[in-house]
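# Structural data only, the sequence is not supplied:
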């Protein structure tokens, strides 16, 4: 069982009560063909420096299993899922809020409420081409703080919009909903059931078979 630190519990008093214990699982442990591009473990992100010590991605088990189903369904069309971020410790959400200008805070979660990433029920992702292994072009890049990030943005090329909409369809079929201003961000339907967490990646229990 993953325990929630008292600080995060206090900050989440106004949030929906958690009815499920955390059961975070590593995505590539469920399917190693899922690709990772964990931007927050690098300097290639809007903060400009690494904020994760490890390039890993986790979700609550039901969300992770649903994501794997979407990944495998996309294979018939020549694509796989490319993961930018999954579970995010609360302290990182607090950092994002502190460094983001007030005019752009619609793109980051208020740490006083916690985020769906903190609950292990949100994932940032795109597509990669199975044949070339290349990331698929979308109407905007990841963490674009402009109107191009909208899942309904009418700009970009027809092929970019087709790929974005294909990703959305595959994820929605498995119980995810796209964030209203970020085409890459999807929330799992049961996110309210889980607690806000601030557990470092290194402290997440490994699956029994891997211990």
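Noted; the coordinates are in hand. Just so it is clear, the model here is predicted, and its values are computed rather than measured.
# Skipping its backbone neighbours, what lies nearest the residue nearest the centre of the chain in space?
Within the chain, one residue has its C-alpha closest to the average C-alpha position: by C-alpha atoms, centre = their mean, that is residue 123, at 1.8 Å. Nearest non-adjacent residue to residue 123, counting by C-beta to C-beta, 6 or more residues apart in numbering: residue 86, 5.0 Å away. C-betas here are computed from N, CA, C, even on glycine.
# Against residue 79, how distant is that neighbour?
From residue 86 across to residue 79, the span is 19 Å (C-beta to C-beta, to the nearest Å).
# Then residue 186?
For residue 186, the distance to residue 79 - C-beta to C-beta - is 15 Å.
# follow-up on the earlier one: close enough to count as contact, the residue nearest to residue 123 and residue 60?
No - assessed by C-beta atoms under 8 Å, residue 86 is found out of contact with residue 60, at 9.5 Å.
# what do those two both touch?
Both residue 86 and residue 60 are contacted by residue 120, under the criterion C-beta atoms under 8 Å, 6 or more residues apart in numbering.
# State the phi and psi torsions of the residue nearest to residue 123.
Here is the backbone geometry of residue 86 (degrees, to the nearest 10): phi -130, psi -120.
# which residues touch it?
27, 57, 58, 59, 117, 120, 122, 123, 124.
# What of residue 191?
By C-beta under 8 Å, 6+ apart, the residues touching residue 191 are 116, 119, 121, 122.
# for residue 180, same thing?
Residues near residue 180 by C-beta under 8 Å, 6+ apart: 150, 151.
# what's around residue 49, how many residues?
The number of residues packed near residue 49 is 9, by other C-beta atoms under 10 Å.
# Name the nearest residue to it, ignoring sequence neighbours.
Spatial nearest neighbour of residue 49, chain neighbours left out: residue 43 (5.3 Å); criterion: C-beta to C-beta, 6+ apart.
# Do me a favour and get the end-to-end distance for stretch 27-42?
The stretch stretch 27-42 measures 19 Å between its terminal residues, going by C-alpha to C-alpha, to the nearest Å.
# Can you name the residues in contact with that stretch?
For stretch 27-42, contacts defined as C-beta under 8 Å, 6+ apart pick out 45, 47, 50-59, 64-65, 67-68, 71-72, 80-86, 88, 92, 128, 133, 135, 142-143, 207, 210.
# Under the pLDDT cut-off, which ranges of this structure? List them.
Scanning the chain for pLDDT under 70 picks out 1-17, 207-211.
# Okay, strands next: where are they in it?
Applying DSSP state E to the chain gives strands spanning 24-26, 35-36, 58-60, 79-85, 122-129, 176-179, 182-188.
# so how far is the third one from its chain's centroid?
Distance of strand 58-60 from the chain centroid (C-alpha atoms, centre = their mean, to the nearest Å) equals 9 Å.
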